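1. next comes the sequence, and after it the predicted model I'd like to discuss.
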Number of protein chains: 2
Amino acid sequence: MKAEIVAVGTELLLGQIVNTNAQFLSRECAALGIDMFYQTVVGDNEQRLMDAFQLAASRADIVICTGGLGPTQDDLTKDVLAAYTGRQLVLHEPSMQAITELFSTRGIHMVESNRRQALMLEGSDPLHNETGLAVGVALTHEGTHFILLPGPPKEMKPMFIKYASEWLRGVMTDEVPLYSKMLKFAGIGESNLEHQLIDLIESQSDPTIAPYAKEGEVTIRLTTRALSAAEGERNLMATEAEIRRRVGEHLYAVEDVPIETVILQMLGQKQLQLTVAESCTGGLLSDMITNVPGSSQSFLGGIICYSNALKNKLLNVPMQVLEGTDAPGAVSKETAAILAEQLLVVTGSDFGISVTGVAGPGASEGKPVGLVYLGLAQRGVEAKVVTLQLSGTRETIKHRAAKGALYHFWKLLKEI
Amino acid sequence: MKAEIVAVGTELLLGQIVNTNAQFLSRECAALGIDMFYQTVVGDNEQRLMDAFQLAASRADIVICTGGLGPTQDDLTKDVLAAYTGRQLVLHEPSMQAITELFSTRGIHMVESNRRQALMLEGSDPLHNETGLAVGVALTHEGTHFILLPGPPKEMKPMFIKYASEWLRGVMTDEVPLYSKMLKFAGIGESNLEHQLIDLIESQSDPTIAPYAKEGEVTIRLTTRALSAAEGERNLMATEAEIRRRVGEHLYAVEDVPIETVILQMLGQKQLQLTVAESCTGGLLSDMITNVPGSSQSFLGGIICYSNALKNKLLNVPMQVLEGTDAPGAVSKETAAILAEQLLVVTGSDFGISVTGVAGPGASEGKPVGLVYLGLAQRGVEAKVVTLQLSGTRETIKHRAAKGALYHFWKLLKEI
């Protein structure tokens, strides 16, 4: 089957936001075995959106539309599809109820326009919105399958993954379904990983091997066509074994989870507890860890020792280590080690991770942007220090430093 | 004039890369006063690219195309535009010379296909590529202006800024440029803001009023046509004043910056320092603050008091407040106030912000998901506590709680 994406929003045409939704949906469609020949972006304009629907329906079997499901006057997508298909808009009662409840819980006055978010098309299937108010729509009209999704990625992605893709599988008849498996790697860059697998990637047919990088982690998706999971696993077996032979030391999961999830599972099994001391990452490492539901079981918290004052006051790094002409300085192996070790003393945790470095944009203590020291402390063992030399913007360096800390801590945990 | 972007590349349709070029070009076009009604993505396919050119030329005056200028067989853009316009491809000698020189300097054997990168269309103007090999093309054909740019952003952006935009200005006769201004709001939702301005938005013509929400903040962009910034400001004056009259208490900036940047500027001016105590936000608040370059001037760091143990050990919240049947608990006004006040004691900072709440997915201490208490402490003044009732996923609640904390702290700072 062929799909086309129609992204609706004047903010896209003005360049206020990037169309990351198109990338996400393209990748998901590829994984479902759906071809894509075109993507279109159109503004919040009735006639032009109508034209875009018409054109997309003329050249694709599936039209996936993002944006324009909100409460405002600009949000026209459902109205235009209703006009295009000659169908009425009807209220989806469960969504309306959820909206009403939300407003009454918050004690906010609900305005009439919020009701628009609970509308769907006559004869359509609702797509549940777990993270927002606007209900999605799935509709087959004259042989074309339309899917209307909200614009905000936080709402669009779960709606697609949980509901829209299921609905699509239902309408994709006669196709041997795709079976996919994700291999997740850390501590290795995308180009290095690809370099080590290039002969496999270039000669691929079935299974296909699709590497891609996402936020400091590299994923390889292996895909084959199979009628059952068992058949799928059989088809993938030889390729997966060869990949493991070459780069298996970096493989931390065979499902799409971040490395922090795996770390928390390992800590939970061992009933051990972790704390962090963050200087250059400024809370990001802890933020990543606490994004995992249930992290409070193994993660006690930590200290954001952004200033030297707090490194000294809260984690007992001597001022003569931090400051002075001959001092190692805040960005040093010495400081990283003391921060990690003192975490165990101050908090009583079993493990401590420290991160200190130069996130930029300017150098610090005469040390270059991207230089980062990680301290890894474990009760009863001398702290280990790892040096990273990272590149990128301030935010990228923070991100890579946090992911680097997680990778090296995972390696340490594996060996316990 | 109207422009349309045609991005060429199968890697976009497979979701391997994000179309950031479209955002860049949209923003540049908006700044040049060029309207944009559509963007299209098409794969490396001759017939479909031809169709895309035809369609774009039928609905726009300017067609800006990115990608497909490279040396490989997949790079078809110039060939297809040549076929579409019935023109020959001719060699651009200076580009050919540059390519030949580069290969001889590097001592690499030049393959015949590299010659393709020096081709342009008969009657077209070359667009110099300062950061790569493929020459760009600008051509007016039967009243439509075509611009062909390379796909890699590091080649495309300088080519557009230095050469293509100049060429476009030359063909844009009689147009008055656009003048825009961003108003940034916090502590108010998009639909509520729009509700309060609906009559202005609905009756807009010049200036136009475009609201949009991005990560917990709402932006309004006012746009008018003006020959100078002074004229632009004059045109916007009445509308801006009316918006300020209605929702001015939420307006924190008239440029596109997050609220944390404004807070850090205010603290810097007053030479005052801030720390944070994060429970349910788990480091995110501090991460946001430290994303701002130079934040170390006013931000000392803080404590991620995720567990009750650390709330007690590091910030002296009595265990009888945190635990026990009649205790207020970790998620309470009492705990929020003590955490914020103790920050001042423990760290010596002038201000302390605390966040404690239930991020979910499950309830905690019998308290509902989304209930969040913010503590705001200021040296010499009793701590203030704000209650929020938020909704969304775990990550959304963390994000809204952090942005909420920043908003309420900004309100407090304004009044000092």
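-> Ah, there it is. Numbers count the residues shown, from 1 in each chain, chains lettered A, B, ... in the order given.
2. the helix or strand where A:Leu55 lies near chain B anywhere?
-> Assessed by DSSP states H and E, A:Leu55 sits inside helix A:46-59. Yes: using Cβ under 8 Å from any Cβ of the partner chain, we find that helix A:46-59 touches chain B at A:Arg48, A:Ala52, A:Leu55. For glycine as for every other residue, the C-beta is placed from the backbone atoms N, C-alpha and C.
3. show me the helices in the stretch 101-250 of chain A, by range?
-> For the stretch 101-250 of chain A, the helices defined by DSSP state H, counting those that start in this stretch cover A:153-159, A:165-171, A:190-202, A:229-247.
4. quick check: residues of the stretch 151-300 of chain A near chain B?
-> A:152, A:154, A:158, A:212, A:275-276, A:278-279, A:281-287, A:289-291, A:293, A:295-296, A:299-300.
5. domains of chain A?
-> For chain A, the structural domains run A:2-171, A:178-253, A:259-414, going by automatic domain parsing.
6. quick check: closest non-adjacent residue to A:Arg116.
-> Nearest residue to A:Arg116 in three dimensions, chain neighbours excluded: A:Pro71, at 5.3 Å (Cβ to Cβ, 6 or more residues apart in numbering or on different chains).
7. contact partners for that neighbour?
-> A:Val111, A:Ser113, A:Asn114, A:Arg116, A:Gln117, A:Leu133, A:Ala134, B:Ser191 (Cβ atoms under 8 Å, 6 or more residues apart in numbering or on different chains).
8. do the longest helix anywhere in chain A and chain B come into contact?
-> Of all segments of type helix in chain A, defined using DSSP state H, the longest is helix A:394-414. Yes: using Cβ under 8 Å from any Cβ, helix A:394-414 comes into contact with chain B via A:Arg394, A:Glu395, A:Lys398.
9. which of the residues you listed are buried?
-> Buried residues within those, defined by neighbour count using 16 or more other Cβ atoms under 10 Å in any protein chain shown: A:Arg394, A:Lys398.
10. so which of the residues of helix A:394-414 next to chain B is the closest to A:Val8?
-> Taking Cβ to Cβ as the measure, A:Val8 sits nearest to A:Glu395 out of the residues of helix A:394-414 next to chain B, at 28.8 Å.
11. so how far is A:Glu11 from the closest one?
-> 22 Å (Cβ to Cβ, to the nearest Å).
12. what about the spatially closest residue to A:Gln16 that is not a sequence neighbour, how many neighbours?
-> Spatially, and ignoring its direct neighbours in sequence, A:Gln16 is nearest to B:Tyr212 (6.3 Å; Cβ to Cβ, 6+ apart). When counting by other Cβ atoms under 10 Å in any protein chain shown, one arrives at 20 neighbours for B:Tyr212.
13. tell me the contacts of B:Tyr212?
-> A:Glu11, A:Gln16, A:Ile17, B:Glu190, B:Val218, B:Thr219, B:Arg221 are the contacts of B:Tyr212 under Cβ under 8 Å, 6+ apart.
14. isn't the third one right up against B:Ala22?
-> No: taking contact to mean Cβ atoms under 8 Å, the distance of 10.5 Å between A:Ile17 and B:Ala22 leaves them out of contact.
15. tell me which of those two has more neighbours.
-> Between A:Ile17 and B:Ala22, counted using other Cβ under 10 Å, B:Ala22 has the larger neighbour count: 27 against 18.
16. which residues touch the more buried one?
-> A:Leu12, A:Gly15, A:Val18, A:Asn19, A:Val41, B:Ile5, B:Ala7, B:Gln39, B:Thr66.
17. so it lies in a strand, does it not?
-> No: per DSSP: H, G, I helix; E, B strand; the rest coil, B:Ala22 lies outside any strand segment and is helix.
18. that older thread, just checking, what packs against the helix holding A:Leu55?
-> strand A:2-8, strand A:35-42, strand A:62-66, helix A:77-85, strand B:35-42 (3 or more Cβ pairs under 8 Å, 6 or more residues apart in numbering or on different chains; DSSP states H and E).
19. again, 10 Å this time
-> Counting contacts by 3 or more Cβ pairs under 10 Å, 6 or more residues apart in numbering or on different chains; DSSP states H and E, helix A:46-59 packs against strand A:2-8, strand A:35-42, strand A:62-66, helix A:77-85, strand A:144-149, strand B:35-42, helix B:46-59.
20. out of the ones you listed, which gets nearest to A:Leu178?
-> Taking the helices and strands packed on helix A:46-59 one by one with Cβ to Cβ, strand A:35-42 is closest: 12.5 Å.
21. who does the least confident helix or strand in chain A by mean pLDDT pair up with?
-> Taking mean pLDDT, DSSP states H and E as the measure, the helix or strand of chain A with the lowest value is strand A:208-214, at a mean of 77. Using DSSP bridges, strand A:208-214 pairs in its sheet with strand A:217-225 (antiparallel).
22. tell me what angle the partner strand forms with helix A:190-202.
-> Interaxial angle, strand A:217-225 versus helix A:190-202 (axes from the mean of the first three to the mean of the last three Cα atoms, to 10 degrees): 10 degrees.
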